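Enquirer: Turn this into a structure:
(one chain, ligands or ions: 1)
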Amino acid sequence: MKIKAIRTHILQAALSQPFAYSRAWYDSRTAMLVEIETDHGLVGWGECYGPAKMTAAVVESIAPWLIGEDPLRTDYLWQMVYGRLRDHGQKGVVIQGLSGIDIALWDIKGRHFGVPVHQLLGGALRTEVTAYATGLYRRKSGDPVAYLAEEAAGYVAEGFSAVKLKVGFGVHEDAATTRAVREAIGPRVALMVDANHAYDAVAAVKLGRMIEPCDIGWFEEPVPPEDVAGYRAVKSALSIPVAGGECEFTRFGFRDLFVKHALDIVQPDTCAAGGLSECKKIADMAEAFGIRYNPHVWGTGIAIAASLQLLAVLPPHTPLSLKPLEPILEFDRTEHPIRQAILIRPIEHDHGIVRVPDGTGLGIEIDRKALARFAVG
Ligand SMILES: [Mg+2]
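Expert: Coordinates of the predicted model:
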């Protein structure tokens, strides 16, 4: 079997209401999908996290190197592409492009052997995963203390046992919204906060101390990803676990975070950090360093399916204890017209639990009519 064609799909959809995190406003959602076709007629799908036009250019530049290659040689192809671009793209959009290609190759591999990807990654430890609701963004109008508390209570009513709040809007405002959300969800639902690297270590520690009484599950991206010393300072100052890694890439990048003990929880994005091949390696390293692994997920159903295939095989944290910590799925609840529309069978939650797809490959089927509906240009 040989790779016959590699196609990119840039998709975009306008939002009915803009929303913001600490860095920017969103008024649309985009996606960059990778479609790989073999000479046997098999088609695999992947997705790249990151700026869609740039990742599409990366994938289209890499494509000629892969035409005629055996799609089952996933590690060989990863190494070949990484080796050819090592001098120019050890991080960032090059690895994001490679990630989408790698995921599509795993989809082909699973379909070729007639099994779900998780079986080829070592076999599932679980058939379903607890999901946490990612939402609680800012709106153009209204009092965030009021509308965030109301939104969080809605997730609990849907059955979610964990929610994540966006912070990074100033420590006093963040402390107020965090307290309001904790009050709204009660003591038994997990609450995490995510600053999207809005702060320096001084401000992050100040906020962390203010919200420590709110029983915070983790403090995500308190400081910029390049500031590893800042991560260490926050981690040593707070009793809240520190999380991060959605802006880091490959085993080589994560090695440096791990050996410096900068994180308690690592969050590689499967569609950015190097794909399923690389994220399995990063997960194995994380286990050896005693670091929890919960993937960052911010994409369409392809990104969710790929993340679930990996989540199925991740070991629980402290596996010998009576109540181990299971890895959990980031489940984006913000508006995303493309997310589920491109799947023939959407991946939904049931009271905060999401089943691992058990069909062949990633376990999803793509709706080409939806692709055409959201296609750019
Ligand atoms: Mg985040």
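Enquirer: mind checking how far E37 is from the ion?
Expert: Remark: distance between E37 and the ion (C-beta to the ion, to the nearest Å) = 33 Å. Just so you know, the C-beta spots here come from the backbone N, C-alpha and C atoms, and that holds for glycine as well.
Enquirer: Which strands or helices does the helix or strand encompassing that residue pack on?
Expert: In this structure, E37 sits in strand 25-38 according to DSSP states H and E. Strand 25-38 is packed against strand 3-20, strand 43-48, helix 52-66, helix 93-113, with contacts defined by 3 or more C-beta pairs under 8 Å, 6 or more residues apart in numbering; DSSP states H and E.
Enquirer: Now that strand: buried residues?
Expert: By neighbour count on 16 or more other C-beta atoms under 10 Å, the buried set for strand 25-38 is Y26, R29, T30, A31, M32, L33, V34, E35, I36, E37, T38.
Enquirer: same question, stretch 370-377
Expert: For stretch 370-377, the neighbour count (16+ other C-beta under 10 Å) marks A370, L371, F374 as buried.
Enquirer: any idea what sits nearest the residue in the stretch 101-250 of the chain that the ion sits nearest to, other than its immediate chain neighbours?
Expert: Nearest residue of the stretch 101-250 of the chain to the ion: D194, at 4.4 Å (C-beta to the ion). Among residues not flanking D194 along the chain, E220 sits closest, at 3.9 Å (C-beta to C-beta, 6 or more residues apart in numbering).
Enquirer: now swap in F252 and tell me
Expert: Computed as C-beta to C-beta, 6+ apart, the closest residue to F252 that is not its neighbour in sequence is Q90, at 6.8 Å.
Enquirer: do D174 as well
Expert: Ranked by C-beta to C-beta, 6+ apart and with sequence neighbours excluded, the top spatial neighbour of D174 is V167, at 4.0 Å.
Enquirer: Contacts only, for the one you found.
Expert: Contacts for V167 (C-beta atoms under 8 Å, 6 or more residues apart in numbering) come out as S22, D174, T177, T178, V193, D194, A195, A198, L207.
Enquirer: OK, contacts around the residue nearest to S22 when sequence neighbours are not counted?
Expert: Distances taken as C-beta to C-beta, 6+ apart place G168 nearest to S22, at 2.7 Å, with adjacent residues excluded. The neighbours of G168, taking C-beta under 8 Å, 6+ apart as the test, are Y21, S22, R23, D174, D194, A195, N196, H197, A198, Y199.
Enquirer: Am I right that the last one is in a strand?
Expert: Spelled out, it's Y199. No - using DSSP: H, G, I helix; E, B strand; the rest coil, the secondary structure at Y199 is coil, not a strand.
Enquirer: tell me the angle of the helix or strand hosting C279 relative to strand 43-48?
Expert: Per DSSP H and E: C279 is located in helix 275-288. In terms of direction (axes from the mean of the first three to the mean of the last three C-alpha atoms, to 10 degrees), helix 275-288 departs from strand 43-48 by 60 degrees.
Enquirer: how many other residues sit next to the residue lying closest to E326 once chain neighbours are set aside?
Expert: Residue nearest to E326 in three dimensions, not counting chain neighbours: P316, with 5.2 Å by C-beta to C-beta, 6+ apart. Neighbourhood size, P316 [other C-beta atoms under 10 Å]: 16.
Enquirer: Show me the strands in the stretch 51-200 of the chain, by range?
Expert: With strands called from DSSP state E, counting those that start in this stretch, the stretch 51-200 of the chain shows them at 128-134, 162-166, 190-194.
Enquirer: Relative to I101, which of these is closest?
Expert: Ranking the strands of the stretch 51-200 of the chain by proximity to I101 (C-beta to C-beta) places strand 128-134 first, at 25.0 Å.
Enquirer: Pairing partners for that closest one, with directions?
Expert: strand 162-166 (parallel), strand 329-332 (parallel), strand 353-355 (antiparallel) (DSSP bridges).
Enquirer: Just say which of the ones you listed is most tucked in.
Expert: The highest mean neighbour count among the strands paired with strand 128-134, using mean count of other C-beta atoms under 10 Å, belongs to strand 162-166: a mean of 26.
Enquirer: contacting residues for the nearest residue to Y82 once chain neighbours are set aside?
Expert: The shortest distance from Y82 to any non-neighbouring residue, by C-beta to C-beta, 6+ apart, is to L98 (6.7 Å). Going by C-beta under 8 Å, 6+ apart, L98 touches V58, I62, W78, V81, Y82, L85, G274, G275.
Enquirer: Let me know the distance separating L98 from H88.
Expert: The spacing between L98 and H88, counted by C-beta to C-beta, to the nearest Å, is 12 Å.
Enquirer: And for E212?
Expert: E212 is 43 Å from H88, where distance means C-beta to C-beta.
Enquirer: Spatially, which residue comes closest to G50, not counting chain neighbours?
Expert: Q96 (3.9 Å).
Enquirer: what's the residue in the stretch 251-377 of the chain that the ion sits nearest to sitting at in phi/psi?
Expert: For the stretch 251-377 of the chain, the residue closest to the ion is H296, as judged by C-beta to the ion, at 5.9 Å. With angles defined as degrees, to the nearest 10, H296 sits at phi -80, psi 130.
Enquirer: Pretty sure it sits against C247.
Expert: No - with contact defined as C-beta atoms under 8 Å, H296 does not count as touching C247 (9.1 Å).
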